[in-house]
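K.L.:
Below is the sequence, then the predicted model.
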Amino acid sequence: MSTPTLVRESAPVAPLAVPRRLSLRALRTHLGTLAGAAIIAVLLWRLGTGVFLDGLRRIDTPTLVIGLAVGAVTTVLSAWRWQLVARSLGLRLPLGPAVGDYYRALFLNAALPGGVLGDVHRAVRHGQSEGDIGRGVRAVVLERTAGQIALTVFGAGALLILPSPVRDDVRSFAPLAAAGVAGACAIVLAVRMNKSRGKRGGALRATLGEARRALLSRRNGPGVALSSAAILAGHVGMFVVAARVAGSAASVAVLVPIAVLALVAMGLPLNVGGWGPREGVTAWAFAAAGLGADSGFATAVVYGVLSFVAALPGLVVLVVRWYAGLRYSRPAVSSSKIAPKESARLDRSSFPFSADPREGRPMTPDSV
């Protein structure tokens, strides 16, 4: 007897399934860009293009130098924080290459829609060079988490103490937020006390253990906290400089809470190279504080330009590493004579949008 075939019983594949999935993915990818562009368009419509152009005209050479200097300090400290976190996960990351990779990521974040593709590229490339993409991604996530924790702690204190348009709302919301944090800590404690050896429990315990070693251990905790505080101070200081350049005479005590709100808005994935929510929130906060929406919009414009200028050394890193990758990829060099570690190093030095698809590397940031 012949065995029955199962081919006829297989369900037909809907011809529109793949196009629909692609269209939904493209919509989610570009939704943040469209939202950021819409915010900028509304601001230009309500406040006029003159405010935007006035902010640009006020930027002079000393202001650009200040942006580059502050950006250099914060980038080196960010790379050091990344190095500390990566080493806690067992990954090698010398400080020099880390600074170059971080500058490259900052430039890609500022030049590409979404504001996170540079960090994605940084995580994947470092993971590839070390042979463990998962740990490379977790190192970047934990490093960015450290910055968000510093912003949350400092921002909560600043919004609770210093005068701001949202101080009363924050004070009324603080008890609820504290209860939520206490509940989250209770859940974490319950998970740690659970003795089950299930797969999910083991993965969660491993993740919490990595976070503790990277951010709270005696070896890493002081360095991560110090670098995060200094980085945040640099961003807030640059915002104050931007306000002064835009013509605002408000005191630092008034500008610091607004800077916190602007930094929080920058973390929203609804921007065009960082532009969008930051400008909207800053214009609203300045208007609510009685400083004028025009002044707030101009301050955000100056800050956006300074942030982009601070990331411009990343373009130099891109060009230099792309040229170095072309030199190392000449046919005269035999691939059999290149050691695995050297090959990984050359891969990290190549242009970010070029990779050998046969090795499974992403061709563009959209694919990672």
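P.N.:
Okay, I see it.

K.L.:
any low-confidence regions in the stretch 51-200 of the chain?
P.N.:
Within the stretch 51-200 of the chain, the stretches with pLDDT under 70 are 114, 167-200.

K.L.:
That one: helices as residue ranges?
P.N.:
Assigned by DSSP state H, counting those that start in this stretch, the stretch 51-200 of the chain shows helices spanning 61-88, 95-111, 117-130, 133-161, 167-193, 199-211.

K.L.:
among the ones you listed, which is nearest G304?
P.N.:
G304 sits nearest to helix 95-111 of all those, at 8.9 Å, using Cβ to Cβ. Just so you know, the C-beta spots here come from the backbone N, C-alpha and C atoms, and that holds for glycine as well.

K.L.:
between that closest one and helix 61-88, how big is the angle?
P.N.:
Between helix 95-111 and helix 61-88, the angle comes out at 120 degrees (axes from the mean of the first three to the mean of the last three Cα atoms, to 10 degrees).

K.L.:
which other residues reach helix 95-111?
P.N.:
Under the criterion Cβ atoms under 8 Å, 6 or more residues apart in numbering, residues 71, 75-76, 78-80, 82-83, 86, 115-119, 121-122, 125-126, 273-274, 307-308, 310-318, 321, 348, 352, 365 lie in contact with helix 95-111.

K.L.:
one more time with 6 Å, if that's ok
P.N.:
Contacts with helix 95-111, where a contact means Cβ atoms under 6 Å, 6 or more residues apart in numbering, come from 75-76, 78-79, 82-83, 115, 117-119, 122, 273-274, 308, 311, 313-315, 317-318.

K.L.:
filter those residues to the buried ones?
P.N.:
For the contacts of helix 95-111, a burial check counting by 16 or more other Cβ atoms under 10 Å picks out 75-76, 78-79, 82-83, 115, 117-119, 122, 273-274, 308, 311, 313-314, 317-318.

K.L.:
returning to that earlier point: let me have the helices of the stretch 51-200 of the chain in CSV, adding distance to V224 as columns.
P.N.:
Shown next, in CSV, are the helices of the stretch 51-200 of the chain (distance: least, Cβ to Cβ, whole Å):
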stretch, distance to V224
helix 61-88, 6
helix 95-111, 14
helix 117-130, 17
helix 133-161, 5
helix 167-193, 19
helix 199-211, 11
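
K.L.:
Out of those, which gets nearest to T33?
P.N.:
Closest to T33 of the helices of the stretch 51-200 of the chain is helix 117-130 (Cβ to Cβ; 11.4 Å).

K.L.:
So which elements touch that closest one?
P.N.:
The contact analysis (3 or more Cβ pairs under 6 Å, 6 or more residues apart in numbering; DSSP states H and E) places helix 117-130 against helix 95-111, helix 133-161, helix 340-348.

K.L.:
any idea of the mean pLDDT in the helix or strand containing L306?
P.N.:
Secondary-structure assignment from DSSP states H and E places L306 in helix 293-311. The average of the pLDDT scores along helix 293-311 is 94.

K.L.:
Output the contacting helices and strands for it.
P.N.:
helix 17-47, helix 49-57, helix 61-88, helix 95-111, helix 221-245, helix 277-288.

K.L.:
at 8 Å what do you get?
P.N.:
helix 17-47, helix 49-57, helix 61-88, helix 95-111, helix 221-245, helix 252-266, helix 277-288 (3 or more Cβ pairs under 8 Å, 6 or more residues apart in numbering; DSSP states H and E).

K.L.:
Counting neighbours, what do you get for S129?
P.N.:
Neighbour count of S129, defined by other Cβ atoms under 10 Å: 23.

K.L.:
quick one: it from A86, how far?
P.N.:
Distance, S129 to A86, by Cβ to Cβ, to the nearest Å: 11 Å.

K.L.:
what does I161 give?
P.N.:
Separation of I161 from A86 (Cβ to Cβ): 35 Å.

K.L.:
Could you do Y323 as well?
P.N.:
On the measure of Cβ to Cβ, Y323 and A86 end up 26 Å apart.

K.L.:
picking up where we left off before, out of the helices and strands packed on helix 293-311, nearest to P165?
P.N.:
Between the helices and strands packed on helix 293-311, helix 277-288 lies closest to P165; by Cβ to Cβ that is 3.4 Å.
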